[in-house]
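Q: no sequence on hand, only this structure:
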């Protein structure tokens with residue numbers, strides 16, 4: 001429990017006076033601080049605390065008579081428990097919902113002679129110092145090799161991230177680099193930290209992300225011979241988080257008390273709990289009189305903002321005689337589209353008692369009312385929500401992002417089957433959004449079986465009744481997804497990709513294509529594959545190509561008209577602000593956060609391609 005300085009002096013004066021009179025209440029104070037004295041209290045106080053207090057207070061308490069002490073304050077007044085407001089959010093503020101940017105510097109190797117050194121600079125010195133720290137021999141010579149380049153790396157850690165989670169990395173070559181192209185490069189181990197300039201000096205925190213992996217440059221995505229695009233890129237899923245990111249509730253000053261924190265944590269755990277084996281655990285832990293730590297409930301793993309919003313709606317009195325009246329009032333508000341979002345969250349916060357109220361709303365004629373009621377039921381793990389969400393996702397683009405997250409969170413087989421049916425819809429973003437929700441689920445492997453075409457690159461062929469299309473991922477995973485039947489690629493002439501790759505029709509056969517790779521200083525590589533999408537993608541892997549090579553070759557073939565179906569880069573449903581009825585309600589995913597511009601002068605975003613998508 002934290003008290004103002006002068007109140008602490010008064011508290012010590014009262015406590016010591018009571019000990020002197022044989023009426024100490026310090027035992028309860030030490031218990032509130034979770035400190036159990038191992039010696040008699042009077043011994044501790046007389047030998048340690050009493051001399052300290054005499055120095056601070058400047059007076060001799062032992063000689064002061066009880067009737068001479070000020071009577072304007074008492075131990076009971078200072079320990080008085082504040083009256084807690086009705087909702088958790090009125091007594092506390094959510095903490096840890098921000099995105100954290102971390103940075104580092106490292107080297108890229110395996111470049112086909114397109115690397116180059118960097119003139120003397122802070123970044124170069126920083127990398128050399130890091131390499132020496134890890135006993136890398138002759139770092140100066142290594143950085144001068146034509147297959148090596150120095151780069152800056154950035155990652156954005158989402159709220160609620162756990163140790164071991166993987167996130168995307170952004171790679172940028174610094175100004176004045178002698179490197180010309182990062183395509184085909186491998187990002188060497190890099191350690192990313194938070195950095196801040198204080199008094200003209202850069203201060204660094206502990207390592208929060210360790211990253212490595214294959215670089216996919218912007219040039220692969222935008223098919224432009226622009227040097228700037230060749231020196232920027234992504235490493236999808238290349239960063240591994242080293243520490244949990246804590247969520248929490250900070251108790252407002254007027255309610256800071258150990259009993260208040262304990263009570264709120266207990267109420268939250270009655271509503272949000274999970275099982276680890278046979279043990280039941282709650283998500284809330286009162287760490288201090290002013291702070292409650294929140295663990296992410298498994299059902300809200302992809303939607304931590306919603307979790308904290310719902311926790312904020314939990315009643316501090318729990319279920320009582322007033323709960324039924326609250327349910328009736330919330331049921332009326334739920335039927336008003338303008339108030340439905342917050343009403344549904346409050347009903348979700350109540351828990352199972354609110355299920356009849358929510359069930360009565362999923363048949364409402366207004367789609368917004370139906371959606372918010374079904375969404376809340378999904379997070380309560382009720383199967384009645386599945387059909388409603390499936391229909392709304394199919395019909396309205398407005399509800400696709402949040403609806404797919406809700407179906408992904410449900411554990412039941414029926415939710416998996418609904419997502420499978422959504423992959424048959426005409427909408428490209430609905431099909432790919434449902435695909436990604438299935439791929440993220442623990443049971444998704446029963447429906448989706450990838451073929452690894454090269455290290456870390458997967459190809460999926462998804463049976464779909466809608467028009468065929470190809471989706472390329474730029475978040476989390478290196479994956480090529482073909483929806484519908486495999487399509488022939490009738491090559492007339494040739495297609496040139498990046499990295500010396502050439503695609504050409506096989507003479508005398510319309511069912512085969514030849515993929516060749518020519519690189520200076522290396523043996524030429526050739527392979528003949530089936531003249532379809534699956535053959536093209538697998539052939540790139542057979543000649544040693546990477547994900548960037550797949551993207552550039554598919555885009556080039558599409559531009560020349562050899563691929564007849566649509567080719568889309570991350571056609572994901574976007575979270576509309578119009579369905580986030582409350583500020584702070586709704587979800588924000590890592591991939592939706594634009595990267596911080598590390599060097600605005602040398603990093604002007606283009607209007608098209610993945611950079612433009614990130615801006616959206």
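A: On my side now, so go ahead. Only a predicted model underlies this, so the values are computations on that prediction, with no experimental measurement involved.
Q: can you give me the strands in the stretch 501-616 of the chain?
A: In the stretch 501-616 of the chain, the strands defined using DSSP state E, counting those that start in this stretch lie at 501-505, 512-517, 525-530, 566-569.
Q: could you list the buried residues of the second one?
A: Going back to what we said before, that points to strand 512-517. Buried residues in strand 512-517, counted by 16 or more other CB atoms under 10 Å: 513, 514, 515, 516, 517. Placement of C-beta: from N, CA and C, glycine included.
Q: tell me how far residue 169 lies from residue 567.
A: The gap separating residue 169 from residue 567 is 25 Å, by CB to CB, to the nearest Å.
Q: can you show me the strands along the stretch 51-200 of the chain?
A: 92-95, 100-109, 149-157, 166-172, 186-198.
Q: next: the stretch 201-350 of the chain.
A: Counting by DSSP E, counting those that start in this stretch, the segments of the stretch 201-350 of the chain that form strands are 201-214, 216-217, 232-241, 247-251, 273-276, 279-282, 284-288, 291-294.
Q: residue ranges in the stretch 401-550 of the chain under the pLDDT threshold?
A: Counting by pLDDT under 70, the stretch 401-550 of the chain has low-confidence residues at 508.
Q: just to revisit the earlier point, need the strands of the stretch 501-616 of the chain in a markdown table with distance to residue 558, can you?
A: Compiled in a markdown table, the strands of the stretch 501-616 of the chain are given as follows (distance: least, CB to CB, whole Å):
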| stretch | distance to residue 558 |
| --- | --- |
| strand 501-505 | 12 |
| strand 512-517 | 15 |
| strand 525-530 | 18 |
| strand 566-569 | 5 |
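Q: which one of the ones you listed lies closest to residue 477?
A: When these are compared by CB to CB, strand 566-569 sits nearest residue 477, at 13.4 Å.
Q: who's in contact with the closest one?
A: Residues outside strand 566-569 that contact it (CB atoms under 8 Å, 6 or more residues apart in numbering) are 221, 428, 432, 467-472, 474, 554-555, 558, 609-610, 613.
Q: quick check: neighbours of it in the sheet, parallel or antiparallel?
A: Strand pairing for strand 566-569, using DSSP bridges, gives strand 469-472 (parallel).
Q: centroid residue for this structure?
A: Ranked by distance to the mean C-alpha position of the chain (CA atoms, centre = their mean), the top residue is residue 158 at 3.4 Å.
Q: Three-state assignment for residue 491, please.
A: For residue 491, the secondary structure call by DSSP: H, G, I helix; E, B strand; the rest coil comes out as coil.
Q: so who does it touch?
A: The neighbours of residue 491, taking CB under 8 Å, 6+ apart as the test, are 503, 504, 505, 513, 531, 557, 562.
Q: equivalent analysis for residue 492, please.
A: So residue 492 contacts 505, 562 (CB under 8 Å, 6+ apart).
Q: swap in 10 Å and give it another go.
A: The contact partners of residue 492, by CB atoms under 10 Å, 6 or more residues apart in numbering, come to 504, 505, 560, 561, 562.
Q: so among those, which ones count as buried?
A: Of all the contacts of residue 492 considered here, the ones buried according to neighbour count by 16+ other CB under 10 Å are 504, 505, 562.
Q: per-residue confidence at the residue nearest to the centre of the chain?
A: We have a pLDDT of 95 for residue 158.
Q: please apply the same query to residue 129.
A: At residue 129, pLDDT is 89.
Q: kindly report the same for the one 5 residues further on.
A: What the model reports as pLDDT for residue 134 is 81.
Q: hang on, isn't it packed against residue 127?
A: No. Residue 134 is beyond contact range of residue 127, at 11.1 Å (criterion: CB atoms under 10 Å).
Q: more crowded one of these two?
A: Ranked by neighbour count (other CB atoms under 10 Å), residue 134 and residue 127 place residue 127 first, with 23 against 9.
Q: quick check, that one in contact with residue 105.
A: Yes. Residue 127 lies in contact with residue 105 (CB under 10 Å); the separation is 4.9 Å.
Q: who touches both of these two?
A: Common neighbours of residue 127 and residue 105 (criterion: CB under 10 Å, 6+ apart): 118, 150, 151, 152, 190.
Q: from the buried ones among the contacts of residue 492, pick the one nearest residue 97.
A: residue 562 (46.6 Å).
Q: gap between the closest one and residue 317?
A: 67 Å.
Q: same check, this time on residue 468
A: The gap separating residue 468 from residue 317 is 56 Å, by CB to CB.
Q: cool, residue 168 as well?
A: Residue 168 is 44 Å from residue 317, by CB to CB.
Q: higher neighbour count, those two?
A: Taking neighbours as other CB under 10 Å, residue 168 and residue 317 compare with residue 168 leading, 22 against 14.
Q: so what's residue 431 up against?
A: Residue 431 touches 422-425, 462, 464-467, 469, 471, 481, 483-484, 571, counting by CB under 10 Å, 6+ apart.
Q: on that earlier part again, which among the contacts of strand 566-569 count as buried?
A: Neighbour-count burial (16+ other CB under 10 Å) applied to the contacts of strand 566-569 gives 221, 428, 432, 468-472, 474, 554-555, 558, 609-610, 613.
Q: ok so, going back, between residue 169 and residue 567, which one's more packed in?
A: Legend: neighbour count by other CB under 10 Å for residue 169 and residue 567, higher for residue 169 (29 against 18).
Q: nearest spatial neighbour of that one, skipping sequence neighbours?
A: In space, and not counting its chain neighbours, residue 169 is closest to residue 235: 4.1 Å by CB to CB, 6 or more residues apart in numbering.
Q: quick one: residues contacting that neighbour.
A: The contact partners of residue 235, taken as CB under 10 Å, 6+ apart, are 108, 153, 155, 167-171, 185-187, 190, 211-216, 456, 478.
Q: swap in residue 125?
A: Applying CB under 10 Å, 6+ apart, the residues near residue 125 are residue 105.
Q: got TSV for the buried residues of strand 512-517, with distance to residue 392 too?
A: Formatted as TSV, those follow (distance: CB to CB, whole Å):
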residue	distance to residue 392
513	43
514	48
515	44
516	49
517	47
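Q: gap between residue 576 and residue 480?
A: The gap separating residue 576 from residue 480 is 28 Å, by CB to CB.
Q: those two - which one has more neighbours?
A: residue 480 (26 against 15).
Q: for the closest residue to the more buried one other than its chain neighbours, identify the helix or strand it belongs to.
A: Once flanking residues are discounted, residue 480 sits nearest to residue 459: 5.0 Å by CB to CB, 6+ apart. In this assignment (DSSP states H and E), residue 459 forms part of strand 457-462.
Q: how big is the angle separating that strand from strand 232-241?
A: Here the directions of strand 457-462 and strand 232-241 differ by 90 degrees (axes from the mean of the first three to the mean of the last three CA atoms, to 10 degrees).
Q: and the angle for strand 457-462 with strand 201-214?
A: 60 degrees.
Q: helices and strands around strand 457-462, which ones?
A: helix 428-440, strand 451-454, strand 478-483, helix 533-542, helix 547-559 (3 or more CB pairs under 10 Å, 6 or more residues apart in numbering; DSSP states H and E).
Q: in it, which residues are buried?
A: Going by neighbour count (16+ other CB under 10 Å), the buried part of strand 457-462 is 457, 458, 459, 460, 461, 462.
Q: what bridges to the fifth one?
A: Beta-bridge partners for residue 461, by DSSP bridges, are residue 482.
Q: from residue 386, how far off is it?
A: Relative to residue 386, residue 461 is positioned 26 Å away (CB to CB).
Q: please apply the same query to the third one.
A: Look at residue 459 and residue 386: by CB to CB, they are 30 Å apart.
Q: quick one: residue 457 and residue 546 touch, right?
A: Yes. Here residue 457 reaches residue 546: they are 6.8 Å apart, a contact under CB under 10 Å.
Q: which neighbours do the two have in common?
A: The contact sets of residue 457 and residue 546 overlap at 214, 478, 540 (CB under 10 Å, 6+ apart).
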